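A.B. asks: When you get a sec, could you give me coordinates for this:
(chains A, B, C and D)
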Number of protein chains: 2
Amino acid sequence: MYTLAEENYLKAIYKLSMLAENVSTNQIAAELATKASSVTDMLRKLAEKLLINYTRYQGVSLTQSGEKVAINIIRRHRLWEYFLVEKLHFKWDEVHDMAEEMEHISSTELIDRLDEFMGFPTRDPHGDLIPDSNGNFKKNDLKPISAVDVNTSGVISGVRDHSTAFLQYLEKQCLTIGKKITVKEIISYDNTVVLQMENKDLQISREVANNLLIAL
Amino acid sequence: MYTLAEENYLKAIYKLSMLAENVSTNQIAAELATKASSVTDMLRKLAEKLLINYTRYQGVSLTQSGEKVAINIIRRHRLWEYFLVEKLHFKWDEVHDMAEEMEHISSTELIDRLDEFMGFPTRDPHGDLIPDSNGNFKKNDLKPISAVDVNTSGVISGVRDHSTAFLQYLEKQCLTIGKKITVKEIISYDNTVVLQMENKDLQISREVANNLLIAL
DNA sequence: TTAATTTTTTAGACTCGTCTAAAAATACAA
DNA sequence: TTGTATTTTTAGACGAGTCTAAAAAATTAA
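C.D. replies: Take a look at the predicted model:
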């Protein structure tokens, strides 16, 4: 249906759309580790196929059909991640690259049966919501730790940075999905956050607090 | 590691090597539904990478490293077919195209874990042997029904034609893997083969007999 | 053994997705 | 508001993989 490159562009645009309505050429180039000129070429093609709204120099947004395709790719990615962790026992920091390949397997029937086989999971191993077969998924109500008040408690439920380095750091600190934490203090000097977890105190940097999401 | 096209060429050459030592440009073109000129171009590239033995106008054979790659692709293909049928409950005539895509997922670790998850199966849903993680697989001792004598009995164990049409025909006739049959007669006029299966007689054409394999 | 046929290779061109370098548009700052 | 910096687009090229048309080699037949 769509080429590998097209799917990757749509996914990138979708992801960047979370942060701002309109996505710029340079943002996409950075996300996909390519050059702005390559992005411009592809945007022209995607616009021609009515997958994005694009006017020169004005940035892009997904059309409804473009969003549908993007959500579908995300569904595939997250279901495969769930499979890799739950059935093949990979660790959560090992599965991203594999799922990145697997998400391009095209059969819808395959994905729906995989979904059923695993019992229709609602979140992937990183806490991200898995869209259902109609592309619906509830709004994610998770907040970065850096955005909650002192003395707030919550359950670690997701990450914003999916890099292996970050995930391995979390693993090492036992900051994994499902753990209950309380924000004890925010040190004003450098915004270090002091957490309480299982009666132990733990300090995390502002950056980590920004990328670690909790459900209240 | 290797491109999609390279992998498909190696797989095709491997398959054709079953029938004759040296594989011709035209045979490969037919197998991959492409043109002889495209094949020549690719053969040059594969030879440069030492994956095939190739001299102009003389046909090709796989080198040891080419064969290793090909067997690996086949291992991946057959394991995914097994997964699709055994875990996701697809029918044996539905899985080929999906597995054709999935076989290009590159992680070796993934395939080995999939293998383990399914309990190290030795044959795929069409009766074909699945190579182990070292690329070893026992010689297939199956014979086409057309090659056995009258009054021979055996168990249907594989096919040479993997097309949906052929598999659906077999399904309809109940000629599926595991069924015990006896060759009762070969009608000399057109080489129609008369089989006995579960006390019923059944006639199959020469062509079907050629493509249906039994273990004696 | 020469001629006809088939197979294979070469030559040149096309699409996809990418790149570099340069030009054009936009945004920002004095 | 005018000039500078940044962002984005254009122009032209390249590699991968494919194609058609034509040439070269190999095979088959007379």
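
A.B. asks: for the record, mean pLDDT for stretch A:202-216?
C.D. replies: Per-residue pLDDT values across stretch A:202-216 average out to 91.

A.B. asks: starting at the chain centroid, how far to it?
C.D. replies: 16 Å (CA atoms, centre = their mean, to the nearest Å).

A.B. asks: List the buried residues in it.
C.D. replies: Within stretch A:202-216, the residues that count as buried by 16 or more other CB atoms under 10 Å in any protein chain shown are A:204, A:208, A:209, A:210, A:211, A:212, A:213, A:214. No exception for glycine: its C-beta is placed from N, CA and C like everyone else's.

A.B. asks: try stretch A:78-89
C.D. replies: For stretch A:78-89, by 16+ other CB under 10 Å, it's A:78, A:79, A:80, A:81, A:82, A:83, A:84, A:85, A:87, A:88.

A.B. asks: Go through those residues and name the one nearest chain B.
C.D. replies: Chain B has its nearest neighbour among these in residue A:88, at 4.2 Å by CB to the nearest CB.

A.B. asks: Any stretches of chain A with poor pLDDT?
C.D. replies: A:139-140 (pLDDT under 70).

A.B. asks: Quick check: buried residues in stretch A:99-108?
C.D. replies: A:99, A:101, A:102, A:103, A:104, A:105, A:107.

A.B. asks: Go ahead and confirm the first one touches residue A:75.
C.D. replies: No. Contact criterion CB atoms under 8 Å: residue A:99 and residue A:75 do not qualify, at 11.4 Å.

A.B. asks: dump the residue contacts of residue A:116.
C.D. replies: Counting by CB atoms under 8 Å, 6 or more residues apart in numbering or on different chains, residue A:116 touches no other residue.

A.B. asks: Assign it to helix, strand or coil.
C.D. replies: Three-state assignment for residue A:116 (DSSP: H, G, I helix; E, B strand; the rest coil): helix.

A.B. asks: now the one 5 residues further on
C.D. replies: Following three-state DSSP, we place residue A:121 in the coil state.

A.B. asks: Tell me the residues of chain A that contact DNA strand D?
C.D. replies: A:24-27, A:36-37, A:39-41, A:43-44, A:54, A:56-59 (CB under 7 Å from any atom of the strand).

A.B. asks: So which of these would count as near DNA strand C as well?
C.D. replies: A:37, A:41, A:56, A:57.

A.B. asks: Show me which of these is closest to residue B:11.
C.D. replies: Closest to residue B:11 out of these is residue A:41 (32.3 Å), distances taken as CB to CB.

A.B. asks: element containing that closest one, please.
C.D. replies: Residue A:41 belongs to helix A:36-48 when assigned by DSSP states H and E.

A.B. asks: List the buried residues for the helix or strand following that helix?
C.D. replies: Where DSSP H and E defines the elements, the next helix or strand beyond helix A:36-48 is strand A:52-54. By 16+ other CB under 10 Å, the buried positions in strand A:52-54 come out as A:52, A:54.

A.B. asks: do stretch A:105-125 as well
C.D. replies: A:105, A:107, A:110, A:111, A:112, A:113, A:114, A:115, A:121, A:123, A:124, A:125.

A.B. asks: Hmm, the first one is touching residue B:103, no?
C.D. replies: No. With contacts counted by CB under 8 Å, residue A:105 stays clear of residue B:103, the gap being 10.5 Å.

A.B. asks: related to what we said a few turns ago, so which of the buried residues of stretch A:202-216 are in strands?
C.D. replies: Those of the buried residues of stretch A:202-216 mapping onto strands are A:204, A:212, A:213, A:214, per DSSP state E.

A.B. asks: Skipping adjacent residues, who's closest to the last one in space?
C.D. replies: Same thing as residue A:214. residue A:154 (3.5 Å; CB to CB, 6 or more residues apart in numbering or on different chains).

A.B. asks: what do you get for residue A:28?
C.D. replies: residue A:39 (4.8 Å).

A.B. asks: Spatially nearest residue to residue A:123 (excluding sequence neighbours)?
C.D. replies: residue A:129 (5.8 Å).

A.B. asks: could you point out which element follows the longest helix belonging to chain A?
C.D. replies: Longest helix of chain A, by residue count under DSSP state H: helix A:64-86. As assigned by DSSP H and E, the chain's next helix or strand after helix A:64-86 is helix A:96-102.

A.B. asks: Quick one: the buried residues of stretch A:99-108 as CSV, columns for distance to residue B:135 too.
C.D. replies: Converted to CSV, those look like this (distance: CB to CB, whole Å):
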residue, distance to residue B:135
A:99, 26
A:101, 22
A:102, 23
A:103, 28
A:104, 26
A:105, 24
A:107, 28
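
A.B. asks: hmm, who's touching stretch A:2-18?
C.D. replies: A:23, A:27-28, A:31-32, A:39, A:42-43, A:45-46, A:49, A:51-52, A:60-62, A:66-67, A:69-71, A:73-74, A:77, A:103-104.

A.B. asks: To clarify, my last question referred to stretch A:205-216.
C.D. replies: Against stretch A:205-216 from outside (CB under 8 Å, 6+ apart): A:127, A:141-146, A:148, A:152-161, A:166, A:169-170, A:175, A:181, A:190-193, A:204.

A.B. asks: picking that back up, which one of the buried residues of stretch A:202-216 is nearest to DNA strand D?
C.D. replies: residue A:210 (21.6 Å; CB to the nearest atom of the strand).

A.B. asks: do you know how far the closest one is from DNA strand C?
C.D. replies: 23 Å (CB to the nearest atom of the strand, to the nearest Å).

A.B. asks: that older thread, hey, what's in contact with both of residue A:105 and residue B:103?
C.D. replies: Joint contacts of residue A:105 and residue B:103 (CB under 8 Å, 6+ apart) do not exist.
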